[in-house]
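Asks: need a structure here:
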Amino acid sequence: MPNIAAFTSDDRPTSIGDLIAIKPTSITVRRGATTLSAQTVRLETLASQRAVVGEGGVTFMCDAHLLGYRDHPTVADTDIQTGDRFRADAVDYEVVIVLPAHVDNVQCYLRVRA
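Replies: Numbering: from 1, shown residues only. Just a heads-up that it's a prediction; the model follows:
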């Protein structure tokens, strides 16, 4: 039977850390002209590519999700803001929004930039 205490305990940041550790990715964030120190996060692609038609022609885009640390006992909080950019595994990403409702982790919606 599920134990609700596992979802409401003070150990949730550690559990989030376990999720990140399953599929970690090291990123170096560019914020304007500043480059931040490397951080470990988890990246997940949300959908397959889609064609977007613009004035200059057709481009292909897809979206992704970032899971980062907040209040973990041994890992610094993930430092990321809307508009930040980074590259991981030869793919460029831009932070569209940092989701504000999460108190034990950092979650961001990303645009994959081809």
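Asks: ok, the closest residue in space to residue 68 that isn't next to it in sequence to residue 55 distance?
Replies: Spatial nearest neighbour of residue 68, chain neighbours left out: residue 78 (2.8 Å); criterion: C-beta to C-beta, 6 or more residues apart in numbering. In this view, the C-beta of every residue, glycine as well, is placed from N, C-alpha and C. As judged by C-beta to C-beta, to the nearest Å, residue 78 and residue 55 stand 36 Å apart.
Asks: compare neighbour counts for these two and give me the winner.
Replies: residue 78 (22 against 4; other C-beta atoms under 10 Å).
Asks: the residue nearest to residue 68 contacts residue 71, correct?
Replies: No - the pair residue 78 / residue 71 is not scored as a contact, 10.8 Å apart, by C-beta atoms under 8 Å.
Asks: for this protein, what helix or strand is lowest in average pLDDT?
Replies: helix 5-8 (a mean of 53; mean pLDDT, DSSP states H and E).
Asks: so what's the residue nearest to residue 68 up against?
Replies: Applying C-beta atoms under 8 Å, 6 or more residues apart in numbering, we find residue 78 in contact with 39, 41, 66, 68-70, 106.
Asks: closest to residue 97 out of those?
Replies: Of all the contacts of residue 78, residue 66 has the smallest distance to residue 97: 10.7 Å, by C-beta to C-beta.
Asks: ok, that closest one - contacts?
Replies: 41-43, 78, 80, 93, 95, 106-108, 110.
Asks: among those, which are in strands?
Replies: Here DSSP state E is the test, and the contacts of residue 66 give 41-43, 93, 95, 106-108, 110 as lying in strands.
Asks: phi, psi for residue 33 please.
Replies: Main-chain torsions, residue 33, degrees, to the nearest 10: phi -90, psi 0.
Asks: which non-adjacent residue is nearest the residue positioned nearest the centre of the chain?
Replies: Nearest to the mean C-alpha position of the chain, by C-alpha atoms, centre = their mean, lies residue 66 at 1.6 Å. Leaving aside its chain neighbours, residue 66 sits nearest to residue 108 (4.2 Å; criterion: C-beta to C-beta, 6+ apart).
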